[in-house]
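> Quick one, fold the following:
(chains A and B)
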Amino acid sequence: MAGAGGGGCPAGGNDFQWCFSQVKGAVDEDVAEADIISTVEFNYSGDLLATGDKGGRVVIFQREQENKSRPHSRGEYNVYSTFQSHEPEFDYLKSLEIEEKINKIRWLPQQNAAHFLLSTNDKTIKLWKISERDKRAEGYNLKDEDGRLRDPFRITALRVPILKPMDLMVEASPRRIFANAHTYHINSISVNSDHETYLSADDLRINLWHLEITDRSFNIVDIKPANMEELTEVITAAEFHPHQCNVFVYSSSKGTIRLCDMRSSALCDRHSKFFEEPEDPSSRSFFSEIISSISDVKFSHSGRYMMTRDYLSVKVWDLNMENRPVETHQVHEYLRSKLCSLYENDCIFDKFECCWNGSDSAIMTGSYNNFFRMFDRNARRDVTLEASRENSKPRASLKPRKVCTGGKRKKDEISVDSLDFNKKILHTAWHPMENIIAVAATNNLYIFQDKIN
Amino acid sequence: MFARGLKRKCVDQEDDGEGALAGFGTIPSYSLQRQSLLDMSLVKLQLCHMLVEPNLCRSVLIANTVRQIQEEMTRDGVGQGAAPQSTGRAPLDRLVSTEILCRTVRGPEAGCPVPDLGDGPLQGPLPEICTVDAAEVPRSPQSNPWEMDSPRESRGSFQKSLDQIFETLEHKNHSSMEDLFSDMDSSYYDLDTVLTGMMTSAKPGLCDGLEGFAAAAPPPGSTCKSDLAEVDHVVEILVET
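Numbers count the residues shown, from 1 in each chain, chains lettered A, B, ... in the order given. Below you'll find the predicted structure:
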């Protein structure tokens, strides 16, 4: 797929053939700030897809059952529930606003008919229950059909209320609110494999919660220096191991990852493993530290690997090898010579996320100009695709894109200087089992499917 | 001051203001680039301390960058009290376009930064590519201090205020940068305090202004949200337009 100029990808083998499926969101050029999507997450079955936005809203899409009479048409995602998760708040003590932007959503594994998810803004985590109601009771004794109380003296006979079907109603209700535990901005939440606890991480601390208990949390990592003047490193992301409920990792702004075991001590300030790649002295610049800052860390589904995203690359680490990653994939190396401009306009601080596919054979991350990158680990191939309204015909194949770095620009290539740095894809998600991906492009959510599915 | 028409590596369509640079040869010196980066970083840090709630990660990364530059400058024995005026170069050098910092030895198509608007996102510090959150950097495009189109006079005076900042930093020791993070939890960042500190010709520069931060208690009933008029005022002061 790489190097296939402007043509389509050859089918066969492990090659993906991505096609447009759906796009959600307003078409207007004028983007309302509140509509900017800030997180995207599939649930464990992939039937539900949640997005959070800067306005504090959560929108959940549900995959429709496939239509048997048209076996080639995939199940589409349609709106299932929309609710306001967080509201803007004001911290009177510090005279600062607390944004309602949803930083992360994490689903809980499903245990009964209802669905549960955790959503968080900078300061407060909420557990939401999303449940369906499709029946209602009729024939109450004490109430009329319209709810008015009946005069008890008028009741002459008793009847048993019967359940009648009604239009499906999806209700979201906040079941727990986990507040006041973070002085700094929450950047990550992660549900533990025990399904009872979860962690929340801010710039300097990580807390462990029990899902049932809101008035207490345990601090398990604290990197705040006694003297804040000595602060040189912050926590950027954290995640629990998918199978070992005592293990979690957290990444830092200096490009390091620490793996901690909660069995070793109550406060996990001392790591069990420390992952850091030695710096290449030949490429050192004043921006080296900034671009090494890790913006996302994700365990593979197998639990054997983890992936980190820094400004220019994605790295895959084997948990058994701390001194260097086993794979490094360049996302947009052509930006290396532009770092100064990107520093000046603050783009260098953009936090891109990354994700694995269900089988851990491929990884995906976003870039600028509404481009996103996919790396096939087995075939050692990568492709650049674009999320745009122009390529939005149903089931239209996505054409690989190419950025030209200098010299002659071929047809269909785009030059580095023409890239739109306002169109950044920070959030992407991959269906846990199928080749369906969700890509958030500012205020639009694109869903792509693999034709060969 | 310097002969125009000296051979430059890249095509330059600028006016007199830019012609002065021609005298320095093709690529500005490393120390010039470094100085420029330091200045830019300091401006960024100031701005982020004035706003709603600073993004701690960003602040830490910028502060670390500043520290690195300072350390290197100290190792090189640069800037012993020295304001760039003493080097004898035109004050314009200090405001070298940031694009130059990114230019390493490149081929002909690298081209000069033509600061006219509309050239594509990375040609110089154009406002339309500014992707900083609206909440974070409320600059108005015209007042971008790095824009090379600004008249010489205004650049000169902005130049002076940066010198003050730089001087103050040079004279203080390393720990001065850390003042930025003191009282992080409960500081009220007063825009006026910093600017007052910056603009008076007596010693106070960046750090004094920031010490003012730590000491200031939040005035009752006020919020950190600068209203737009105040921000415009700030930016005006910065560029002396």
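> Show me the helices in the stretch 251-400 of chain A, by range?
Counting by DSSP state H, counting those that start in this stretch, the stretch 251-400 of chain A forms helices over residues A:288-292, A:339-344, given from the N-terminal end onward.
> Mean neighbour count, those helices: which tops it?
Greatest average neighbour count among the helices of the stretch 251-400 of chain A goes to helix A:339-344 (a mean of 24), per mean count of other CB atoms under 10 Å in any protein chain shown. C-betas here are computed from N, CA, C, even on glycine.
> in chain B, which helix or strand is least confident?
Least confident helix or strand of chain B, by mean pLDDT, DSSP states H and E, is helix B:206-215 with a mean of 37.
> residues from the stretch 151-300 of chain A in reach of chain B?
Of all the residues in the stretch 151-300 of chain A, those in contact range of chain B (CB under 8 Å from any CB of the partner chain) are A:183-185, A:203-204, A:227-234, A:236, A:253, A:286-287, A:289-290, A:293.
> Name the residues linked to A:S190 by a beta bridge.
A:S190 has the following beta-bridge partners by DSSP bridges: A:L199.
> do the helix or strand containing B:L42 and chain A meet?
For B:L42, the enclosing helix or strand under DSSP states H and E is helix B:30-50. Yes. On the criterion CB under 8 Å from any CB, helix B:30-50 is in touch with chain A at B:R34, B:L37, B:M40, B:K44.
> May I see the buried residues of that helix?
Of the residues in helix B:30-50, those buried by neighbour count under the rule 16 or more other CB atoms under 10 Å in any protein chain shown are B:32-50.
> which other helices and strands contact it?
Using 3 or more CB pairs under 8 Å, 6 or more residues apart in numbering or on different chains; DSSP states H and E as the contact criterion, the secondary-structure elements in contact with helix B:30-50 are helix A:339-344, helix B:56-75, helix B:98-102, helix B:152-171, helix B:191-199, helix B:206-215.
> any idea of the mean pLDDT for the shortest one?
Here helix B:98-102 scores 40 as its mean pLDDT.
> what do you get for the second one?
If you average the pLDDT over helix B:56-75, you get 94.
> likewise the fourth one?
Within the predicted structure, the mean pLDDT of helix B:152-171 is 41.
> any weak-confidence spans in the chain?
Chain wasn't specified; assuming chain A. With pLDDT under 70 as the threshold, chain A has low-confidence stretches at A:1-14, A:67-74, A:452-453.
> wrong one, I was asking about chain B
When the per-residue scores of chain B are filtered using pLDDT under 70, the ranges that remain are B:1-27, B:48-52, B:78-241.
> what about A:F299, distance to chain B?
22 Å (CB to the nearest CB, to the nearest Å).
> Please apply the same query to A:R380.
Using CB to the nearest CB, we find A:R380 at a distance of 30 Å from chain B.
> Can you report how many residues lie near A:N207?
When neighbours are counted by other CB atoms under 10 Å in any protein chain shown, A:N207 registers 22.
> cool, A:F274 as well?
With neighbours defined by other CB under 10 Å, the count for A:F274 comes to 12.
> wait, doesn't it sit right on A:R258?
Yes. Under the contact definition of CB atoms under 8 Å, A:F274 touches A:R258, with a separation of 5.7 Å.
> got the contact list for A:Y311?
If a contact means CB atoms under 8 Å, 6 or more residues apart in numbering or on different chains, then A:Y311 has A:I290, A:I291, A:S292, A:S293, A:S295, A:L335, A:I348, A:D350, A:F352 as its contacts.
> that older thread, return the members of the residues of the stretch 151-300 of chain A next to chain B classed as buried.
Buried by 16+ other CB under 10 Å: A:184-185, A:203-204, A:228-229, A:231-234, A:236, A:253, A:286-287, A:289-290, A:293, out of these.
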